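Enquirer: Everything below, folded, please.
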Amino acid sequence: SGAPLRDLLPGLEGHVEDFAFAPGGELVYLASVGTRSRLGRVRLDGSGARVTYEGARPLVTAFDLDRTGRRLALRAESDAFPPELFALRLDRRAEPARRTELNPWLRDARLGRQEVVRWRAADGLELEGVLIHPVQPAGPAPTIVVAHGGPESHYADGWLTAYALPGQVAAGRGYAVFYPNYRGSTGRGVAFSKRNQGDPVGAEFDDVIAGVDHLVAAGVADRDRVGITGGSYGGFFTAWGATRHSERFAAGVMFVGISNLLSFQGTTEIPREMEQVHFRRNAYRDRDFLLERSPITHAAKARTPLLILAGAEDTRVDPGQSMELYRALRFHGVPTRLVVYPGAGHGNRRAASRYDYHLRMLRWFDWFLVERREGLPPWRLEIPPVPAAVGTDRRDGR
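Expert: Model prediction:
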């Protein structure tokens, strides 16, 4: 229509994830606010803003609005269960009502306690993340830092276990699992999401180190047994931690990550996005700066055993990024292994590849953080037996 743009929620220190138009000139929206979710309404002229639901548990991740504009179908999760179907009336401020239970066996599972943690960066900026404690805490624990990708993304206080997220599986093996929302993350407004622009793995990575120091001081993490993992931009973080800050990390698992910002910009499908949105630098004009911020440049400092995993058909982060770092670490005598998944793009879609990834990640951390072994674990995986309670009919055991 040519009308000027108008911010309908100018005071929102969060991130609108989705919205739908409702009868009567209203807009229904879903937003991430910190580690929580918010469902609200606002009129198209910006008036009448109301919050219908705000909470972490259940954490709402998607919604659908009915024709009347009064009822919502929700996808929601919590620290105790992955996504389920919920219902909510917009005209009544109430808790979402759960309609499904897809994993009833979780009612009997022992899970690690999950909480939101907060700490301050070196410059005083307050940060937050999510921590899963070991199922059986026993003093300072081996700790896995899970860096999110994007970097326009964040971790919320929901279900944080998946094939690339160690979550409750690692907690059951005695780990603390830390999901930091460093500066540049979503969920805290536009200004916060821009705090890392032009400074890749600078202050944003220092935020993660400050978070680890906070957990060490609190007696949660064992400083000498900290690992790091992540995919995409989180893989970039992992590679940076394993090279530039190798003294801080005893093991790393890098997934579809960046190692060389120069060759990355020349091979990715999103070269302008990285230049204009994230790095605010051009590889062909700011060569020296981007090389200094490339993990490959600091490979000679590396002592951190690194498992590198990539997709053979990845067009976002070319598998050459993984191959470059693998070759450099091998050249410098660092324990490393490269796994390239055939047919995979920027993340694994095949169930077998996902399972392989998860087992390799856990074994790598067990080998170097818990067992404290030398050398590399065997390349061949031993597939553990499936527990009787998983995938069986409780009535006849099938």
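
Enquirer: ok, now how distant is the residue nearest in space to the middle of the chain from residue 159?
Expert: By C-alpha atoms, centre = their mean, the chain has its centre lying nearest to residue 148, at 3.1 Å. Per C-beta to C-beta, to the nearest Å, residue 148 is found 15 Å from residue 159. Yep, even glycine has a C-beta here, placed from its N, CA and C like the rest.

Enquirer: next SSE after the strand ranked longest in the chain?
Expert: Assignment by DSSP state E gives strand 221-231 as the longest strand of the chain. For strand 221-231, the succeeding helix or strand toward the C-terminus, using DSSP states H and E, is helix 233-243.

Enquirer: Could you pull up the mean pLDDT of that next one?
Expert: Regarding helix 233-243, the rounded mean pLDDT is 98.

Enquirer: list the helices and strands the helix or strand following that helix packs on?
Expert: Next along the chain after helix 233-243, taking DSSP H and E as the criterion, comes strand 251-255. Secondary-structure packing of strand 251-255 (3 or more C-beta pairs under 8 Å, 6 or more residues apart in numbering; DSSP states H and E): strand 221-231, helix 233-243, strand 306-311, helix 351-365.

Enquirer: So residue 205 sits against residue 242, correct?
Expert: No. Residue 205 is beyond contact range of residue 242, at 11.9 Å (criterion: C-beta atoms under 8 Å).

Enquirer: who's more crowded, the two?
Expert: Higher neighbour count among residue 205 and residue 242: residue 242, with 35 against 22, using other C-beta atoms under 10 Å.

Enquirer: Next up, the contacts around that one.
Expert: Residue 242 makes contact with 228, 249, 252, 254, 295, 302, 304, 306, according to C-beta atoms under 8 Å, 6 or more residues apart in numbering.

Enquirer: And for residue 329?
Expert: For residue 329, the contacting residues are 299, 302, 306, 336, by C-beta under 8 Å, 6+ apart.

Enquirer: Double-check that it belongs to a helix.
Expert: Yes. Counting by DSSP: H, G, I helix; E, B strand; the rest coil, residue 329 is part of a helix.

Enquirer: Disregarding residues adjacent in the polypeptide, which is nearest to it?
Expert: residue 336 (4.3 Å; C-beta to C-beta, 6 or more residues apart in numbering).

Enquirer: Switch the contacts of residue 242 over to JSON lines; also include neighbour count, pLDDT and distance to residue 238.
Expert: Output for these, formatted as JSON lines (neighbours: other C-beta atoms under 10 Å; pLDDT from 0 to 100; distance: C-beta to C-beta, whole Å):
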{"residue": "228", "neighbour count": "30", "pLDDT": "98", "distance to residue 238": "5"}
{"residue": "249", "neighbour count": "27", "pLDDT": "98", "distance to residue 238": "8"}
{"residue": "252", "neighbour count": "32", "pLDDT": "98", "distance to residue 238": "5"}
{"residue": "254", "neighbour count": "33", "pLDDT": "98", "distance to residue 238": "4"}
{"residue": "295", "neighbour count": "31", "pLDDT": "98", "distance to residue 238": "9"}
{"residue": "302", "neighbour count": "26", "pLDDT": "98", "distance to residue 238": "12"}
{"residue": "304", "neighbour count": "25", "pLDDT": "98", "distance to residue 238": "9"}
{"residue": "306", "neighbour count": "29", "pLDDT": "98", "distance to residue 238": "8"}
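
Enquirer: was I right about residue 377 contacting residue 361?
Expert: No. Under the criterion of C-beta under 8 Å, residue 377 makes no contact with residue 361, lying 11.5 Å away.

Enquirer: higher neighbour count, those two?
Expert: More crowded of residue 377 and residue 361, by other C-beta under 10 Å: residue 361, with 23 against 18.

Enquirer: Identify the residue nearest the more buried one in space, chain neighbours excluded?
Expert: residue 253 (4.8 Å).

Enquirer: Name all residues that make contact with the one you found.
Expert: 227-229, 238, 306-307, 309, 360-361, 364-365.

Enquirer: Below-threshold pLDDT in this protein: ranges please.
Expert: Applying pLDDT under 70 to the chain picks out residues 1, 387-398.

Enquirer: Great, nothing more from me.
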